[in-house]
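Participant: Return atomic coordinates for the entry below.
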Amino acid sequence: MTETYDYIIVGAGSAGCVLACRLSADPSIRVLIIEAGGRDTHPFVRMPMGFLFALRNPKLRWTYWSEPEPSLNGRRLFLPRGRVLGGSSSINGMIHMRGHPLDYDTWAQMGCTGWSHADVLPYFIRSERSWRGSNDVHGGEGPLSVRAIDGKRLLHEPLMRSAAAAGYSATSDLDKDGEGFALGEINVDARGRRHSAARAYLYPALKRANLSLLANTTTLRVAIEKGRAVGVEIAEDGGGARILRAEREVILAGGAYNSPQLLMLSGIGPAAHLREHGIDVRLDLPGVGSNLSEHARVPVVFAAAKPVTFIRELRIDRAALSVARWAMFGDGAFASQISSCNIVIRTRPELAQPDVQLMSAPIRLDAKLWAPFVNDRQEHRLMADAVVLHPHARGHVRLASDDPRAPVRIQLNIFDNEADRATAREGIRAARHIYRTAPQGELTGREILPGAEADSDAALDAFIREHAGVTQHPVGTCAMGAGPEAVVDPQLRVRGLEGLRVVDASIMPTVPGANTNASAVMIGEKGADLVLGRNAAR
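Facilitator: Numbering: from 1, shown residues only. The predicted structure follows:
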């Protein structure tokens, strides 16, 4: 393997895989992509329903937890991120959605020139191979497969028919309309396999002679000479280190936790913090690791009035048949997701865009395989977790030490402000209203969480402190912008240093009102054009 490349990409997650594919399409460009994790061949990765287990498999993820959260009674939150080819796109729930156009127009208003909805839409379209085919909103020939969730076992129809009666709209295309009740869409291919960024972009590109992959490899720091990034230092199997050189650029694509970590380990970040860990300051960039934004969620759980939830599919003989059907034919109950309906709503009519998402599923998260007359007494439950789509809370990522293998310290600060708590309270009340509205109301029994007795603002705030969590959508720690706290400019170049870019979810100045993987792929697509000097998607 050559030691010199044109571009070195650190991180084979959603954006990194896109970059590797697009940059290496020119056979004259030598590209190396480095990934700390290994191959994505585990059956929990490949089978869509396996995501419930992949998220918790220590062989597939980083071992991240938040610091004790002051607004959550000091609880620490579990924060799984993918440590495998494809990154978190190999262990997430596969939901594909973009958010509202105003999400991206807000970026442009914040000084991110070239990142309005009109600017990024061509990249969303270019990335997709949608089940809808090609039109003015969707792509039909892109690398990433997008298909509708099979809702027939998931109580999708009752929720859709309850939308109008509950005072909301239904839509056949959430990406087009921006809000409403919709059938969820997921990244699953025609064979019923998870279609991660690795499968969509990286594996096809690895057939090219000019693209190299280093998996199971720790990147120690970015090598800097005379104000320019010239390569990376990696750990060798024997415990030593070596430098790999990049003649054009080094591109960090490690995500919202790992990209700021690598910058700080390289001496790029808040000077005082770096000195605390004995790291020589190469560039005092105070925004590195700050502006961490996450979608906070609050569980809303009901008992089912009838035994009709997805627990029926977990009877051991049915589950075995579903696994066999998935393996042989790529269909069946385990070839899809468990989302009943993708509900994106405004809790107040005067709002310009939706502020709450309800993560709806006809199953309890602690459900287990069961057999008749053995362990068949699991209560049937319905979930409708309320997600705050545009949080005001901001956290940060900081080093725990100068050891690249040490997990970073993550402080989320979710629900540290009244605005986010108010939105969550209204989200809970909206979920209650929707799930009590016919025909969904005919399937909804007693409220388990928060419980009908938790009705006042004070009671709901106490519930939030004890039970709230996050959706695993961290962004913003290498934020794009024009002000002094911005880490990268709108070209995604690290401010104050040549030859170094960040291209991943960490550059988002605010979190979109949606699951973030589709946006991370879009950033990879647009980032590749920026690197290559192109001005528009082609």
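
Participant: I'd assumed Met383 was in a strand, is it?
Facilitator: Yes: when DSSP: H, G, I helix; E, B strand; the rest coil is applied, Met383 is found to be in a strand.

Participant: ok, it - contacts?
Facilitator: Contacts for Met383 (C-beta atoms under 8 Å, 6 or more residues apart in numbering) come out as 299-301, 359-365. No exception for glycine: its C-beta is placed from N, CA and C like everyone else's.

Participant: hang on, Gly255 packs against Val10?
Facilitator: No: using C-beta atoms under 8 Å as the test, Gly255 is too far from Val10 to be in contact (10.5 Å).

Participant: how about the strands in the stretch 251-400 of the chain?
Facilitator: Secondary structure of the stretch 251-400 of the chain by DSSP state E, counting those that start in this stretch: the strands cover 268-269, 283-284, 296-298, 301-304, 341-345, 356-361, 381-388, 396-398.

Participant: Check the secondary structure at Pro122 for me.
Facilitator: Using three-state DSSP as the criterion, the local structure at Pro122 reads helix.

Participant: Need the per-residue pLDDT for it.
Facilitator: Residue-level confidence at Pro122 comes out at 97, pLDDT.

Participant: looking at the strands of the stretch 251-400 of the chain, which is buried most?
Facilitator: Of all these, strand 268-269 carries the top mean neighbour count, a mean of 29, counting by mean count of other C-beta atoms under 10 Å.

Participant: what about Ala25, how many neighbours?
Facilitator: Counted with other C-beta atoms under 10 Å, the burial measure for Ala25 works out to 15 neighbours.

Participant: let me redo that: Arg394
Facilitator: Taking other C-beta under 10 Å as the criterion, the count of residues near Arg394 is 18.

Participant: For Thr471, which residues are in contact?
Facilitator: Counting by C-beta under 8 Å, 6+ apart, Thr471 makes contact with 294-297, 359, 387, 515.

Participant: quick one: which of those residues is nearest Asp6?
Facilitator: The shortest distance between Asp6 and any of the contacts of Thr471, using C-beta to C-beta, involves Asn515 and amounts to 33.0 Å.

Participant: hey, where'd the helices end up in the stretch 1-150 of the chain?
Facilitator: For the stretch 1-150 of the chain, the helices defined by DSSP state H, counting those that start in this stretch cover 14-23, 43-46, 51-54, 101-109, 117-127.

Participant: Kindly calculate the angle that the fourth one makes with helix 117-127.
Facilitator: Angle, helix 101-109 to helix 117-127, by axes from the mean of the first three to the mean of the last three C-alpha atoms, to 10 degrees: 120 degrees.

Participant: wait, isn't Gly269 in contact with Ser290?
Facilitator: No: proximity of Gly269 to Ser290 does not meet the contact threshold set by C-beta under 8 Å, at 9.4 Å.

Participant: how much space between the closest residue to Val323 other than its chain neighbours and Asp150?
Facilitator: Distances taken as C-beta to C-beta, 6 or more residues apart in numbering put Phe334 closest to Val323, at 5.9 Å, once the chain neighbours are dropped. Using C-beta to C-beta, to the nearest Å, one gets 10 Å for the distance from Phe334 to Asp150.

Participant: what's near enough to touch Tyr123?
Facilitator: With contact taken as C-beta under 8 Å, 6+ apart, Tyr123 is in contact with 522, 525-526, 529, 537.

Participant: and the closest residue to it other than its chain neighbours, what is it in contact with?
Facilitator: Computed as C-beta to C-beta, 6+ apart, the closest residue to Tyr123 that is not its neighbour in sequence is Glu525, at 4.1 Å. Remark: with contacts taken as C-beta under 8 Å, 6+ apart, Glu525 is in contact with 18, 22, 123, 126-127, 537.

Participant: Which positions within the helix or strand of the chain with the lowest mean pLDDT qualify as buried?
Facilitator: One helix or strand of the chain scores below all others by mean pLDDT, DSSP states H and E: helix 51-54, with a mean of 90. Applying a neighbour-count criterion of 16 or more other C-beta atoms under 10 Å, the buried positions in helix 51-54 are 51, 54.

Participant: which residues are contacting that helix?
Facilitator: 42, 44-45, 60, 90-94, 194, 337-338, 365.

Participant: Save those residues as JSON lines, and put in pLDDT too.
Facilitator: As requested, those are arranged in JSON lines below (pLDDT from 0 to 100):
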{"residue": "His42", "pLDDT": "94"}
{"residue": "Phe44", "pLDDT": "93"}
{"residue": "Val45", "pLDDT": "97"}
{"residue": "Leu60", "pLDDT": "96"}
{"residue": "Ser90", "pLDDT": "98"}
{"residue": "Ile91", "pLDDT": "97"}
{"residue": "Asn92", "pLDDT": "97"}
{"residue": "Gly93", "pLDDT": "96"}
{"residue": "Met94", "pLDDT": "97"}
{"residue": "Arg194", "pLDDT": "98"}
{"residue": "Gln337", "pLDDT": "94"}
{"residue": "Ile338", "pLDDT": "95"}
{"residue": "Leu365", "pLDDT": "82"}
